[in-house]
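# Just to be clear, the model below is a prediction. Sequence and coordinates:
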Amino acid sequence: MSAVPDLEISLPARPENVAIVRHVLGGVGDALGVDPGVLADVRLAISEACANVVVHAYPGDQEGLLDVTVTTTPGCLEIAVRDQGRGMAPRTDSPGLGVGLPLIASLAETLELTNAPHGGTEVRMTFAYEDPHRHSGGLHAAPSPEETA
Amino acid sequence: MASDLGAPEPLRVDRTRVTVASGPLVGPVLSRVVGIHAARAQLPVDRLNDAVLIADALAARAPAYAAEDRLPVSIQSTPGRLEVRVGPMRPGGAARVLEGAALPEVGSVIERLADTVKTRQGAGGDEYLVVRLGTGFGP
């Protein structure tokens, strides 16, 4: 997928800002008519990915950004969570339980982890959902023959 | 060793940058981000409602005048203050957004609800609409 994102959010990587991302994704889900159960999975997975940025990306008191992009196609949400921090590396002093990525993997259809070329980490996830607009001329519906004539 | 007790905490600025494609996502996204920042700015409840109404008005009007087919918005909050900066927009876009949000006998909803509304010029003639709630902003 990876077309031009429909939504980009960039904000300081602080614990309180994970709530903004969750809240915004709720709005995206409402606008697209995503099933509440799927939306709960999306929000949980994204919360984990954002929490990873807050906890691991920027050591010490270093300030940094949390970037989230959302790309929509009919029946599919692709969400990428990025930082510009130190990238993926083993951490013997990790404060977490190490269940974040397995949890994301179990919730998302696909999960891709990459080290960005200029530093930082990207977690890219896709989620499938039943598109309620598919047969009703909604957000992603193809134009009808009358419209294209 | 000097104690930190009583030392003023550094002012923490919260800033969120959002770029959203014109369409059905603009309203839900903008109202939520602005609502959260208004709450963080500890604006009174009536002013929080004003902030969300402004966000809804911007979401309804601003995409038509965005410089591209995506609307960039920057939301910044500090205690008692909220700033929403929309743009870049096409030349004249800021005035059109304000005019488009006018109601009979009320005028522009955005200008009535905000404490200050300004238009800033950007490079290449682009415009930014800056809407502020609260007091004590710089120029």
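Yes, it's here. Since the structure is predicted, the reported quantities are computational estimates derived from the model, not experimental observations.
# Tell me the residue of chain A that sits nearest chain B?
When scored by CB to the nearest CB, chain A has A:Gly27 as its residue closest to chain B, at 3.2 Å. The way it works is simple: take the backbone N, C-alpha and C, and place the C-beta from them, glycine included.
# Name the helix or strand for that residue, please.
helix A:18-32 (DSSP states H and E).
# Just the mean pLDDT for that helix, thanks.
Across helix A:18-32, the average pLDDT comes to 94.
# For stretch B:88-108, buried residues please.
Within stretch B:88-108, the residues scored as buried using 16 or more other CB atoms under 10 Å in any protein chain shown are B:Pro88, B:Met89, B:Arg90, B:Gly93, B:Ala94, B:Arg96, B:Val97, B:Leu98, B:Gly100, B:Ala101, B:Ser108.
# which secondary structure elements does the helix holding A:Gly27 contact?
With contacts defined as 3 or more CB pairs under 8 Å, 6 or more residues apart in numbering or on different chains; DSSP states H and E, helix A:18-32 has these neighbours: strand A:7-12, helix A:36-52, strand A:65-73, strand A:76-83, helix B:26-40.
# Any chance of a markdown table for these, columns mean pLDDT and mean neighbour count?
As requested, these are exported to a markdown table (pLDDT from 0 to 100; neighbours: other CB atoms under 10 Å in any protein chain shown):
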| stretch | mean pLDDT | mean neighbour count |
| --- | --- | --- |
| strand A:7-12 | 96 | 20 |
| helix A:36-52 | 94 | 19 |
| strand A:65-73 | 95 | 21 |
| strand A:76-83 | 95 | 22 |
| helix B:26-40 | 96 | 23 |
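# Relative to A:Leu107, which of the ones you listed is closest?
Closest of the helices and strands packed on helix A:18-32 to A:Leu107 is helix A:36-52, at 4.3 Å (criterion: CB to CB).
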